[in-house]
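Engineer: Show me the folded form of this:
(2 chains)
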Amino acid sequence: DVKVTQSSRYLVKRTGEKVFLECVQDMDHENMFWYRQDPGLGLRLIYFSYDVKMKEKGDIPEGYSVSREKKERFSLILESASTNQTSMYLCASRGVEGTREKLFFGSGTQLSVL
Amino acid sequence: RKEVEQDPGPFNVPEGATVAFNCTYSNSASQSFFWYRQDCRKEPKLLMSVYSSGNEDGRFTAQLNRASQYISLLIRDSKLSDSATYLCVVNRRAGTALIFGKGTTLSVSS
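Structural biologist: The predicted structure follows:
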């Protein structure tokens, strides 16, 4: 079974802190993604990476950066956390299961910025 | 026009009902189309891919109309366990990120 693991299920941080959200996948997938999900807004793409050290901005990259130094790990960084970054963060990798292309999601990190 | 647009619902139906969800997308270069299902407080999971010729998986039928840039999902004989949010997902162009609609909420009652 493909596994996408996010380091924390719940995280509480203070405004201005630097926050690292880690995501690791074990299936050698090239494409990895970070989304945030907010009530009424759905899943919105923050950043994605299509290979090691390759990254591309999604729809809402402001206030975030990413790092992909190794294929299995894709980190999301909040340089200076703000209250409007309180959200559910979902990491995913893209691969094939049987004949079906799909996104494999981690269980999410609920981040609260106080 | 939003990139991926869905009727948010909620759709409240009795068990055994047939229900249809619609989705429109704005980018004519999109090539991959999917329906995902998300249960409350869980991550999204792939329900089915959508192919040009239409496809069926048990009680679920997905259809694609490229000319109208429209995708549909039909659920027959609804079960209580079908209660969830259904997400329409489209890629911007080949090999790029998948963009999610906001989802349509389905509640099936006995």
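
Engineer: Could you list the residues of chain A in contact with chain B?
Structural biologist: A:33, A:35, A:40-45, A:48, A:50, A:56, A:58-59, A:90, A:94, A:100-103, A:105-108 (CB under 8 Å from any CB of the partner chain). Any C-beta I mention is one placed from the backbone N, CA and C, and that applies to glycine too.

Engineer: what do you get if the cut-off is 7 Å, keeping everything else the same?
Structural biologist: Proximity of chain A to chain B, by CB under 7 Å from any CB of the partner chain, involves residues A:33, A:41-43, A:45, A:48, A:58, A:90, A:100-103, A:105-108.

Engineer: so of those, which ones are in strands?
Structural biologist: Judged by DSSP state E, strands contain the following of these: A:33, A:42-43, A:45, A:48, A:90, A:100-103, A:105.

Engineer: okay if I get those as a markdown table plus distance to B:I75 and pLDDT?
Structural biologist: Converted to a markdown table, those look like this (distance: CB to CB, whole Å; pLDDT from 0 to 100):
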| residue | distance to B:I75 | pLDDT |
| --- | --- | --- |
| A:F33 | 27 | 96 |
| A:G42 | 20 | 91 |
| A:L43 | 21 | 95 |
| A:L45 | 27 | 95 |
| A:F48 | 30 | 94 |
| A:L90 | 24 | 97 |
| A:R100 | 19 | 80 |
| A:E101 | 22 | 82 |
| A:K102 | 20 | 86 |
| A:L103 | 21 | 90 |
| A:F105 | 22 | 95 |
